[in-house]
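Student: here are the coordinates; sequence isn't available:
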């Protein structure tokens, strides 16, 4: 299973955009890029996923590099409730999700 | 609202006991998964299942077994609980069809004493 690399932690100010990067240089052509977040004392929550094209939903946007070796999760206006651990994961044909350490996002008021 | 329900939020068991962790999903998902989460180690896959009566080992299956007799239910079994199995256990499900994302339960915090 291909792996991802994320910064351990990031900080943001409330109501400002946040760009969370992820590198996945060994991604294969059929791997989907998934993002999840985990709030304290809760299970991970699905955020967004994509294959090749950029994606938008009510929670976030996902920007995927043309060569697919990196992606960026964009939170357009961070709130205090967005403070969480964000996981970038590649989902292969096996259907398994292998989690890395993720990025701990701190949002300052 | 779609759900993955884990039977217990907190559980305390004694060393050597046989422990059952139950997970039920109401989304008719084919795939179900068990993870454990430990500080500094993140989420690690224990077992998963693609269909009823099917199971596959994940990255850390030792000391665990699973059962999937019905599509909606996936049980994790600790045959003889040990203190190093104290952890947060998370169940998830996903579909082959549709958006393919995982839905997680709230977790069971198991303490083995």
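Tutor: Yep, that arrived. Quantities reported herein were computed from a predicted structural model and do not represent experimental measurements.
Student: what sits against the closest residue to residue B:49 other than its chain neighbours?
Tutor: Closest residue in space to residue B:49, ignoring its immediate chain neighbours: residue B:68 at 4.6 Å, by Cβ to Cβ, 6 or more residues apart in numbering or on different chains. Yep, even glycine has a C-beta here, placed from its N, CA and C like the rest. By Cβ atoms under 8 Å, 6 or more residues apart in numbering or on different chains, the residues touching residue B:68 are B:32, B:49, B:51, B:52, B:53, B:54, B:55, B:74, B:75.
Student: let's see that with 7 Å instead.
Tutor: Listed by Cβ atoms under 7 Å, 6 or more residues apart in numbering or on different chains, the contact partners of residue B:68 are B:32, B:49, B:52, B:53, B:54, B:55, B:74.
Student: show me where pLDDT drops low in chain A?
Tutor: For chain A, applying pLDDT under 70 flags the ranges A:1-2.
Student: that older thread, which of the contacts of residue B:68 are buried?
Tutor: B:32, B:49, B:55, B:74 (16 or more other Cβ atoms under 10 Å in any protein chain shown).
Student: can you classify whatever residue of chain A ends up closest to chain B by secondary structure?
Tutor: Using Cβ to the nearest Cβ, residue A:43 is the residue of chain A that sits closest to chain B, at 3.4 Å. Here residue A:43 is recorded as coil under DSSP: H, G, I helix; E, B strand; the rest coil.
Student: which residues does the nearest residue to it once chain neighbours are set aside bridge with?
Tutor: Spatial nearest neighbour of residue A:43, excluding adjacent residues (Cβ to Cβ, 6+ apart): residue B:104 at 3.4 Å. Beta-bridge partners for residue B:104, by DSSP bridges, are residue B:92.
Student: is it true that residue B:104 touches residue A:44?
Tutor: Yes. If you go by Cβ atoms under 7 Å, residue B:104 and residue A:44 touch, sitting 5.0 Å apart.
Student: which of those two has more neighbours?
Tutor: Between residue B:104 and residue A:44, counted using other Cβ atoms under 10 Å in any protein chain shown, residue A:44 has the larger neighbour count: 27 against 23.
Student: residue A:34 is in contact with the more buried one, correct?
Tutor: No. With contact defined as Cβ under 7 Å, residue A:44 does not reach residue A:34; the gap is 10.1 Å.
Student: how about the residues of chain B by chain A?
Tutor: When proximity is defined as Cβ under 7 Å from any Cβ of the partner chain, chain B approaches chain A at B:31, B:42-43, B:45, B:48, B:90, B:94, B:100-107.
Student: show me the contacts for residue 49.
Tutor: No chain specified, so I'll use chain A. By Cβ under 7 Å, 6+ apart, the contact list for residue A:49 reads A:32, A:33, A:34, A:35, B:100, B:101.
Student: my bad, the chain I had in mind was chain B
Tutor: Residue B:49 makes contact with B:31, B:32, B:55, B:56, B:66, B:68, B:74 under the criterion Cβ under 7 Å, 6+ apart.
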